[in-house]
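Peer 1: Predicted model follows, preceded by the sequence.
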Amino acid sequence: MDRRVQLLLGKFLSGEIKVLSPTLDREAGYRYTSVEPLLDSPEEAQGFLDNLQAHGFLETETCGVLISCGNCGSCNVEHVAPKGGNSGSSETDELPLLGDSGWRCKSCKATFGEHELKAHLVPCYSFSEKSIADVSDWLVIKPLRDFLHERGYRTESPGFLIGESEVRHQFDIVAYSGGEDEGTLVMDAVVSVDPISEDDVKSLFAKVFDTNPLKSVIVAFPELTDDAHKLAEQYRIGVVETTEVKDIWVKLREVVPPVDEVRFEPLDVMTLLSLPDHLRKTATVTGSLGRATADEISERTERARAVESGYLNQLVRMGYLKKERDGRRVLFSVIS
Ligand SMILES: [Zn+2]
């Protein structure tokens, strides 16, 4: 039920990661960079992976030996060549082979022989097909991505979108239509024993409000509470509830449109007329300006910028206006 576990196992199952290998890092020794985006801090990576290994999801093998200073523990050690030889490989990322001559720590400046180096076995991780088969009924990311691919989307998991605030938001999956005016669909999955409260809906909405994808969906195992349902409806967030992963495709089909239907729609006269007065004014002015910022539009409509910005974003969410970033400026235009 841990979202981080769902995301990591999803990466393994979809083939995005085959073997999780460490990368050398002068400061930390080694890091698992592809796990770090899932965690609050890079330091948590080792504990997180150990825990998954203890539960049998990951298998490990030694894929390297990291040497460090016996005095201060720094990995920033260099091989000091014998007299007259070259002066070591201090600036390369490749650690020199153990030899007979001396070693020097570039952090604490100590010098010492090979036997005083600390050696640490560095593990690689791969996933255990057997244990994952045992819990496959609980793993959601892979089937969700499979579904989206079948619907014609390209996906990233976890996916990131930059909001109007310039804050970078993470979603369990971001799906792209890949068309010219690329539309996006975002999806968060929540697994729980109890019905899922409105907090998860609020958290998704906060991200959606800032990033304006064309469609947002929350996938709930097993279900949302009544309040969470009402909120999702109010926020126009699609809801998929299921107790069985194998039933999920049928339910997703009702909520997730095929890729060629998730797109911006031209604002025709009939649609324009059907809009409430305040939004029609915003849409008409935007149309007459071509591409314009919220400031320029609010000057014409003579409404406060914050109010106008709210209307503009509402029209973007409804799929009638396009929003593009040009450096620090955010430009709105009518889809044509
Ligand atoms: Zn040292």
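Peer 2: Structure's in. What do you need?
Peer 1: Can you check the pLDDT for S90?
Peer 2: Predicted confidence (pLDDT) for S90: 48.
Peer 1: Could you double-check that G163 lies in contact with V186?
Peer 2: No. G163 lies out of contact with V186 (Cβ atoms under 8 Å); the separation is 11.5 Å. For every residue, glycine as well, the C-beta is placed using N, CA and C.
Peer 1: So between the two, which is more surrounded?
Peer 2: Each of G163 and V186 has its neighbours counted (other Cβ atoms under 10 Å); V186 has more, 25 against 15.
Peer 1: That one pairs with what?
Peer 2: V174, S216 (DSSP bridges).
Peer 1: For it, which residues are in contact?
Peer 2: V186 is in contact with 159, 161, 171, 173-175, 204, 207-208, 211, 213, 215-217, counting by Cβ atoms under 8 Å, 6 or more residues apart in numbering.
Peer 1: Return the distance of it relative to the ion.
Peer 2: 47 Å (Cβ to the ion, to the nearest Å).
Peer 1: now that residue: how far from K207?
Peer 2: 7 Å (Cβ to Cβ, to the nearest Å).
Peer 1: Find the residues that touch each one of these two.
Peer 2: Listed contacts common to V186 and K207 are L161, F171; contacts here mean Cβ under 8 Å, 6+ apart.
Peer 1: Using the three-state scheme, assign I248.
Peer 2: helix (DSSP: H, G, I helix; E, B strand; the rest coil).
Peer 1: need the contact list for it.
Peer 2: V140, P143, L144, F147, V219, V240, T242.
Peer 1: what ranges do the strands span in the stretch 201-336 of the chain?
Peer 2: Assigned by DSSP state E, counting those that start in this stretch, the stretch 201-336 of the chain shows strands spanning 215-221, 238-241, 291-292, 321-326, 329-334.
Peer 1: oh, I was asking about the stretch 51-200 of the chain
Peer 2: Using DSSP E, counting those that start in this stretch, strands in the stretch 51-200 of the chain cover 58-68, 77-79, 103-105, 111-112, 118-127, 154-156, 159-162, 168-171, 173-176, 184-191.
Peer 1: Run the contact check for the longest one versus the ion.
Peer 2: The one in question is strand 58-68. No. Strand 58-68 lies apart from the ion when judged by Cβ under 5 Å from the ion; the minimum separation is 7.9 Å.
Peer 1: Over to the fifth one?
Peer 2: No. Shown here: strand 118-127 not in contact with the ion (Cβ under 5 Å from the ion), separated by at least 10.0 Å.
Peer 1: before we move on, the earlier item: quick check, nearest of the contacts of I248 to the ion?
Peer 2: For the contacts of I248, the closest approach to the ion (Cβ to the ion) belongs to V140, at 46.1 Å.
Peer 1: Can you give me the pLDDT of that closest one?
Peer 2: pLDDT at V140 comes out at 83.
Peer 1: Give me every residue in the protein lying close to the ion.
Peer 2: By Cβ under 5 Å from the ion, the residues of the chain that approach the ion are C69, N71, C72, S74, C105, S107, C108.
Peer 1: If you count neighbours, what's buried in stretch 293-302?
Peer 2: T293, A294, E296, I297, S298, R300, T301 (16 or more other Cβ atoms under 10 Å).
Peer 1: related to what we said a few turns ago, give me the common contacts of G163 and V186.
Peer 2: Going by Cβ under 8 Å, 6+ apart, residues that sit against G163 and also against V186 are K207, T211.
Peer 1: What separation do you get for the closest residue to S192 other than its chain neighbours and I218?
Peer 2: Once flanking residues are discounted, S192 sits nearest to M1: 6.1 Å by Cβ to Cβ, 6 or more residues apart in numbering. Distance, M1 to I218, by Cβ to Cβ: 15 Å.
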